[in-house]
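Student: fold the following.
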Amino acid sequence: MKEPVRVLVVDDSALMRRIITQMLDKDPGIQVVGFARNGLEVLDKIPRLRPDVVTLDVEMPGKNGLETLQEIMERFPLPVVMVSALTVQGAYETVRALELGAVDFVTKPTGRGDFVRLAPELVLKVKTAADVRVKKEIDKKPVGPTVFRSRRQARKVELVVIGASTGGPAALAKIIPRLPADFPAGIVIVQHIPPGFTRPLAERLNERSQIEVREAEEGDLIRPGRALVAPAGRHTVFRLSPDGVRVRLVDDFPLETRFKPSVDVTMLAAAEIFGGGCLGVVLTGMGNDGVRGLQAIEAREGITIAEDESTCVVFGMPRAAIEAGVVDRVVPLNRITAEILSLTEK
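Tutor: Model (predicted):
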């Protein structure tokens, strides 16, 4: 029988500590081994309690959640699920936490209905986090790409579609800022994330990048040197216009999917308009979103890339795409930017 996941709950609020503990303790596969009220306390308790997962409040007095997370990752690399307030400031800090290495996050409840939502979400994310292999950056050795099909892009790349889920913000932070200002294609990023968090994600990437990065809006023009982040809660597709290809934001799409935005939906729409001029990239994440999209890109002679297992936080979406036979190249995270650049230099 599998041992229960050992969890250390960190929050400066006694009420939130109690709520989170009660939610987790109801699942027989989870054991709350202790709690901490601040950053210094959790850093003291981790080596003694040896948790499998830490739930960490983003906003704490003294050593805040981000400072504490950074020290956890440096001293005791282990999976962390952030607990965030659903505020503008909370969203920005959560995006920064994901970039620093937090596996995932949940938003704090603000009403009675939120408690019903939070319990199963928190349990699932804690259990998923327990299976994640967290390593210091220095432990990740460079690995070369694996080429399944050595074929050339059918035509000049006009659009790169990048899809990601768990671990995506940290991966994107290692890809997008390395692109040059004169990058010759448009980019659309589809990240599984709740509403309210895509704009902070886009703005954080924009701060660090040479290209323009922002949350996609209705009518945005796809153009070289611009990356658009698909807004949460809607699907991002495309339409032809006299001056090029523009973004359409829609609520429904003739494809069954539980994600909104969906990597499959955006890639299918991109393949329809850009054909062989579309490059598809699937990064770390749970599930199989992106398989049908990569298949559509491949069918129109575009090139497809999946992140290598060695650098994935969760090797779910890339594994599904590789096993479906719709991936041309498997590339570790530290080589993906270079691979994208080599395929767009035409």
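Student: which stretches of the protein aren't confidently modelled?
Tutor: 1, 86, 112-113, 135-144, 148-154, 346 (pLDDT under 70).
Student: how is it partitioned into domains?
Tutor: Annotated domains of the chain cover 5-138, 146-344 [automatic domain parsing].
Student: deepest-packed of those domains, please.
Tutor: Ranked by mean neighbour count under mean count of other C-beta atoms under 10 Å, the domains of the chain are led by domain 146-344, which reaches a mean of 20. C-beta coordinates here come from the backbone N, C-alpha and C atoms, glycine included.
Student: dig out what the closest residue in space to Gly219 that isn't next to it in sequence forms beta bridges with.
Tutor: In space, and not counting its chain neighbours, Gly219 is closest to Arg246: 5.3 Å by C-beta to C-beta, 6 or more residues apart in numbering. When assigned by DSSP bridges, Arg246 has beta-bridge partners Leu221, Arg239.
Student: what are the ranges of the helices in this protein?
Tutor: Taking DSSP state H to define them, one finds helices in the chain at 14-25, 39-49, 65-75, 88-100, 112-130, 168-175, 198-208, 263-274, 291-299, 317-323, 333-344.
Student: so the first one versus helix 112-130, what angle?
Tutor: The one in question is helix 14-25. Here helix 14-25 points in a direction 60 degrees away from that of helix 112-130 (axes from the mean of the first three to the mean of the last three C-alpha atoms, to 10 degrees).
Student: same for helix 14-25, what does it pack against?
Tutor: When contacts are defined as 3 or more C-beta pairs under 8 Å, 6 or more residues apart in numbering; DSSP states H and E, helix 14-25 sits against strand 5-10, strand 30-36, strand 53-57, helix 112-130.
Student: quick one, phi/psi of the most far-flung residue of the chain relative to its centre?
Tutor: For the chain, the largest distance from the centre (C-alpha atoms, centre = their mean) belongs to Pro242, which lies 33.8 Å off. Backbone torsions of Pro242, given as degrees, to the nearest 10, read phi -60, psi -30.
Student: how close does it sit to Val9?
Tutor: Look at Pro242 and Val9: by C-beta to C-beta, to the nearest Å, they are 56 Å apart.
Student: try Val134
Tutor: 18 Å.
Student: how about Arg155?
Tutor: Taking C-beta to C-beta, one finds Arg155 at 53 Å from Val9.
Student: show me what contacts Leu98?
Tutor: Leu98 makes contacts with 82, 104-105, 168-170, as judged by C-beta atoms under 8 Å, 6 or more residues apart in numbering.
Student: kindly reformat these as CSV containing distance to Val161.
Tutor: Shown next, in CSV, are those (distance: C-beta to C-beta, whole Å):
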residue, distance to Val161
Met82, 27
Asp104, 23
Phe105, 24
Gly168, 13
Pro169, 17
Ala170, 19
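Student: could you identify the most distant pair in these?
Tutor: Using C-beta to C-beta, those reach their maximum pairwise distance at Met82 and Gly168, which is 14.5 Å.
Student: quick check: the nearest residue to Leu40 once chain neighbours are set aside vs Glu215, distance?
Tutor: Setting aside the residues directly before and after it, Leu40 is nearest to Lys63 in space (C-beta to C-beta, 6+ apart), at 5.9 Å. To Glu215, Lys63 is 31 Å away according to C-beta to C-beta.
Student: hmm, Ile20 is touching Ala119, no?
Tutor: No - the criterion here is C-beta atoms under 8 Å, and Ile20 misses it with Ala119 at 9.6 Å.
Student: tell me which residue is most central in this protein.
Tutor: The residue lying closest to the centre of the chain (C-alpha atoms, centre = their mean) is Gly168, at 2.2 Å.
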